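Novice: Quick one, fold the following:
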Amino acid sequence: DAAYVAADADPAAAAAALVDGACYNAGQSCCAIERAYVHASIYDDFVAAAAEAVGAYTLGDPRDDSTTMGPMALPGAPGFIDSQIADATAKGARLVVGGGATSDEAGNGRFSRPALLADCDETMRAMSEETFGPLLACAPVADEHEAVKRMNDSAYGLSAAVYTDDKALATWMSRRVDAGTFFQNRCDYLDPYLAWTGAKDSGFGASLSRHGFRAVTRLRSFHARE
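Specialist: Below is the predicted model:
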């Protein structure tokens, strides 16, 4: 899923939120943030803050209180993520921090080091494929118009987000970004009162909210003649 960080946003706060959105559950979330488009005026500050947040994770046993990121579920996941990183760097992206398959300090587990890619474009697999792992790909944009165009340049559309205090901008973008849920100043979050649905290749129907009940309800008629 994609996010835009507007010029008025706090780059450090947005970076912390989006890194969490990308790395929650080791990125193994259908609505994880994978692409961050950041206004050029705050891009460097955002990347620096995101790099600090990505580098702060402690990999290990989820039952250990000191662990902040657990292992990958699928055997091929670390290698798949590494292949996306290799593809991106070969095409000009910068690997700012992280990356690589690893184990915990005891030599156990199947882990992928959380990673941050900068200066990405849509020719890169990390920007077009679902990673399903702890990888955030970033790119600078000139304004919200470029952000909308690039956010929509995807086969997927489960959720999207904008970080801004400008409600008018958030509303304007929500009407133009093709996604099932549009967030302002948050991401990777479910509200049971709101329908959870997707656009494009991100699924059909709806769950949650009263619309979710309707999706699993079959209408039935009773017709009588007196």
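Novice: only C-alpha atoms for contact and neighbour calcs from this point on.
Specialist: Will do.
Novice: Next, count neighbours for the nearest residue to V148 once chain neighbours are set aside.
Specialist: Once flanking residues are discounted, V148 sits nearest to V177: 5.9 Å by CA to CA, 6 or more residues apart in numbering. Around V177 sit 22 other residues, with neighbours defined as other CA atoms under 10 Å.
Novice: go on, the one 3 residues further on?
Specialist: Counted by other CA under 10 Å, the residues lying close to G180 total 20.
Novice: got a list of what it touches?
Specialist: The contact partners of G180, taken as CA atoms under 8 Å, 6 or more residues apart in numbering, are G157, L158, S159, W196, T197, G198, A199.
Novice: same check, this time on R150
Specialist: With contact set as CA under 8 Å, 6+ apart, R150 has these partners: E122.
Novice: Need the phi and psi values for A160.
Specialist: Torsion angles at A160 (phi, psi; degrees, to the nearest 10) stand at phi -150, psi 160.
Novice: Quick check: beta-bridge partners of it?
Specialist: On the basis of DSSP bridges, A160 is bridged to A2, F182.
Novice: Show the residue spans covered by the strands in this protein.
Specialist: Assigned by DSSP state E, the strands in the chain fall at 2-5, 35-39, 94-97, 101-102, 111-112, 115-118, 135-141, 156-157, 159-163, 181-184, 196-197, 199-200, 206-207.
Novice: before we move on, back to that, can you tell me how far the residue nearest to V148 is from S159?
Specialist: Separation of V177 from S159 (CA to CA, to the nearest Å) stands at 9 Å.
Novice: returning to that earlier point: can you tell which of the strands of the chain is closest to P75?
Specialist: P75 lies closest to strand 111-112 among the strands of the chain, at 9.6 Å (CA to CA).
Novice: ok, back up a step: okay, the contacts of G180 in CSV with neighbour count and distance to A77 next?
Specialist: Converted to CSV, those look like this (neighbours: other CA atoms under 10 Å; distance: CA to CA, whole Å):
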residue, neighbour count, distance to A77
G157, 25, 22
L158, 22, 21
S159, 27, 22
W196, 19, 26
T197, 20, 26
G198, 20, 24
A199, 17, 25
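Novice: Of the strands of the chain, which stretch is the most buried?
Specialist: strand 2-5 (a mean of 30; mean count of other CA atoms under 10 Å).
Novice: pLDDT averaged over that one, what's the number?
Specialist: Mean per-residue pLDDT for strand 2-5: 98.
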